[in-house]
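below is the structure, and that's it, no one-letter string:
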């Protein structure tokens, strides 16, 4: 059994509520582009919520953002270099027809 099988059973039963919770926790609105975006470093989570959006007939796009290898510690101000490439996956919903409920 896959690690997402158990939650998926519940998420598929209530896809609207699941997506609303995901975007509330991981997302933000971009008024200039008229879109809602959520991000995560785990592509499986982004794909999962993409499937739930499809169940709701909501169009979306997935993007990959490659971050540079530098990270600044907010407490100390020290700059650290990451050992590997850091990728963030974005799940974006565009257009009034896909955003308003």
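Done, it's in. Keep in mind that what you see is a predicted model, and the values were worked out from it rather than measured.

which residues in this protein form helices?
Along the chain, counting by DSSP state H, helices occupy 5-13, 15-26, 43-55, 96-99.

what are the contacting residues of the longest one?
By that I understand helix 43-55. 4, 8, 11-12, 15, 18-19, 22, 38-40, 59-60, 62, 87, 89-91, 93 (C-beta atoms under 8 Å, 6 or more residues apart in numbering). Glycine gets a C-beta too; all of them are placed from N, C-alpha and C.

which of the residues you listed are buried? Put it as a ChimeraX command.
Paste this into ChimeraX to select the buried members of the contacts of helix 43-55, with burial taken from 16 or more other C-beta atoms under 10 Å:
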select :11,15,18,19,22,38,39,40,60,89,90,91,93
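
check what pLDDT residue 75 gets.
What the model reports for residue 75 is a pLDDT of 88.

ok, it - how many residues close by?
Residue 75 has 6 neighbouring residues, counting by other C-beta atoms under 10 Å.

over to residue 52?
For residue 52, the count of nearby residues is 21 (other C-beta under 10 Å).

separation between the closest residue to it other than its chain neighbours and residue 55?
The shortest distance from residue 52 to any residue that is not its chain neighbour, by C-beta to C-beta, 6 or more residues apart in numbering, is 4.2 Å, and that residue is residue 15. As judged by C-beta to C-beta, to the nearest Å, residue 15 and residue 55 stand 5 Å apart.

which residues sit against the helix or strand of the chain with the lowest mean pLDDT?
Averaged element by element with mean pLDDT, DSSP states H and E, the chain has its least confident helix or strand at helix 96-99 (a mean of 72). The list of residues contacting helix 96-99 from outside it, by C-beta under 8 Å, 6+ apart, reads 34-36, 58-60, 93.

hmm, back to that, as CSV, the helices of the chain with distance to residue 75 would be great.
Putting the helices of the chain into CSV (distance: least, C-beta to C-beta, whole Å) gives the following:
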stretch, distance to residue 75
helix 5-13, 34
helix 15-26, 24
helix 43-55, 28
helix 96-99, 37
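
so which of those comes closest to residue 66?
Nearest to residue 66 among the helices of the chain is helix 43-55 (13.2 Å), distances taken as C-beta to C-beta.
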